[in-house]
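1. Fold the stuff below for me.
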Amino acid sequence: MMRIALFEPDIPQNTGTMLRLAACLGFEAHIIEPAGFPTSDRAFRRAGMDYLDAVVLRRHPSWPEFERWRRAESLRLVLFTTKANASYLDHRYEAHDLLLFGRESAGVPDHVHQAADVRLRIPMRPGMRSVNVAMACAMAVGEALRQIGKL
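-> Now for the predicted structure:
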């Protein structure tokens with residue numbers, strides 16, 4: 001099963017968009033806390049996240065706890081970052097990949113970069129910093145699902 005993880009997300013609207021994508025396409029979503037907003041089911045429902053019942057959502061209270069879980073599950077961590085050299089279009093995705101997306105304001109810290117098995121970027125025109133994290137997630141998940149034949 002394809003999985004995504006959001007590292008300490010800042011913007012609830014982006015997180016809601018990514019959770020809706022997970023619900024609609026049938027993959028698991030993980031939130032690595034702390035987030036910059038309340039992440040309880042009640043808070044998501046109040047924000048209009050009516051797809052919450054349709055998504056498999058796991059919350060991890062910290063990066064170390066997420067890493068322990070990921071390693072126990074033998075999942076390959078694929079980090080999407082502007083600091084990578086390899087394009088997400090050239091990567092060969094596998095069903096046990098966990099696609100990780102960083103904070104909107106700061107990406108991920110160095111220790112998270114170092115923990116990643118693979119680091120990928122979305123190619124952009126020179127001078128452009130990054131696409132919206134929810135858009136990056138949609139692009140990455142679409143390509144991954146296309147490759148593994150799950151669309």
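2. Going by residue numbers, what spans are strands in the protein?
-> For the chain, the strands defined by DSSP state E occupy 3-7, 28-32, 57-60, 76-80, 86-87, 97-101, 118-121.
3. Please name the strands paired to the second one in the sheet, noting orientation.
-> Under the criterion DSSP bridges, strand 28-32 sits next to strand 3-7 (parallel), strand 57-60 (parallel) in its sheet.
4. Let me know which of these is tucked in deepest.
-> strand 3-7 (a mean of 24; mean count of other Cβ atoms under 10 Å). Quick note: C-beta positions are derived from backbone N, CA and C, even for glycine.
5. For that one, which outside residues touch it?
-> Residues outside strand 3-7 that contact it (Cβ atoms under 8 Å, 6 or more residues apart in numbering) are 15, 18, 22, 27-32, 35, 63, 66, 75, 97-103, 108, 112, 133, 137, 141.
6. contact partners of stretch 102-109?
-> 7-11, 14, 36, 79-83, 100, 112, 132-133.
7. Mind checking which of those land in helices?
-> Taking DSSP state H as the definition of helices, the contacts of stretch 102-109 contribute 14, 112, 133.
8. Tabulate those residues in CSV, adding columns for neighbour count and pLDDT.
-> Output for those, formatted as CSV (neighbours: other Cβ atoms under 10 Å; pLDDT from 0 to 100):
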residue, neighbour count, pLDDT
Asn14, 19, 90
Val112, 20, 98
Val133, 23, 95
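9. Tell me the one of those residues nearest Asp41?
-> Of all the ones in helices among the contacts of stretch 102-109, Asn14 has the smallest distance to Asp41: 18.1 Å, by Cβ to Cβ.
10. give me the number of residues near the closest residue to that closest one other than its chain neighbours?
-> Nearest residue to Asn14, sequence neighbours excluded (Cβ to Cβ, 6 or more residues apart in numbering): Ala134, at 4.4 Å. Number of residues near Ala134 (other Cβ atoms under 10 Å) recorded here: 22.
11. what does Gln13 give?
-> Around Gln13 there are 12 other residues, counting by other Cβ under 10 Å.
12. swap in Ser74?
-> Neighbour number of Ser74 under other Cβ under 10 Å is 7.
13. In contact with it, which residues?
-> Residues in contact with Ser74 (Cβ under 8 Å, 6+ apart) are His96.
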